[in-house]
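>>> with the sequence up front, the predicted model follows.
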Amino acid sequence: MSIFEIIMLLCFGFAWPLSIYRSYQSRTTKGKSLFFLIIIVIGYISGICNKIINNLDFVVYLYVLNALMVSIDIGLWLRNYKIEKNNK
């Protein structure tokens, strides 16, 4: 367990709820990249795998929480894409 790893995950973790809220409210994909969100969730999944294989500790829950929030944002991106497509 690294204090710096925890700080990084907490900082990112505080940013995702705002991103989710903005995605939900805006009902648009503008300013969001599905590719970027997928890369982020792959990174969190890699962190989870690393924790499980090498050093399982409570930090894995921060990875899971962040991955869950990014997945919610991906779902909202897909919803917003459908909304934009239907409005054209």
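Perfect, I can see it now.
>>> what helices or strands is the helix or strand that contains L65 leaning on?
Under the criterion of DSSP states H and E, L65 resides in helix 59-86. Under the contact definition 3 or more CB pairs under 8 Å, 6 or more residues apart in numbering; DSSP states H and E, helix 59-86 sits against helix 3-26, helix 34-54. Where C-beta positions appear, they are placed from N, C-alpha and C, glycine not excepted.
>>> so for it, what gets flagged as buried?
For helix 59-86, the neighbour count (16 or more other CB atoms under 10 Å) marks 59-60, 62-63, 65-67, 69-74, 76-77, 80 as buried.
>>> likewise stretch 13-25?
Neighbour-count burial for stretch 13-25 [16+ other CB under 10 Å]: 16, 19-20, 23.
>>> and it, how far from the chain's centre?
9 Å (CA atoms, centre = their mean, to the nearest Å).
>>> and stretch 35-42, by the same measure?
Average the C-alpha atoms of stretch 35-42, do the same for its chain, and the two points are 8 Å apart (CA atoms, centre = their mean).
>>> list the residues that contact the residue positioned nearest the centre of the chain.
Ranked by distance to the mean C-alpha position of the chain (CA atoms, centre = their mean), the top residue is V70 at 1.9 Å. Counting by CB atoms under 8 Å, 6 or more residues apart in numbering, V70 makes contact with 16, 37, 40-41, 44.
>>> which one of those residues is nearest to I3?
Relative to I3, the closest of the contacts of V70 is Y44; by CB to CB it sits at 18.9 Å.
>>> take the contacts of V70 and write them to CSV, including pLDDT and distance to M1.
Below are the contacts of V70 laid out as CSV (pLDDT from 0 to 100; distance: CB to CB, whole Å):
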residue, pLDDT, distance to M1
W16, 95, 22
L37, 97, 27
I40, 97, 22
V41, 97, 22
Y44, 97, 17
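>>> nearest to E5 among those?
Checking the contacts of V70 against E5 by CB to CB gives Y44 as the nearest, at 12.2 Å.
>>> nice, that's everything, thank you.
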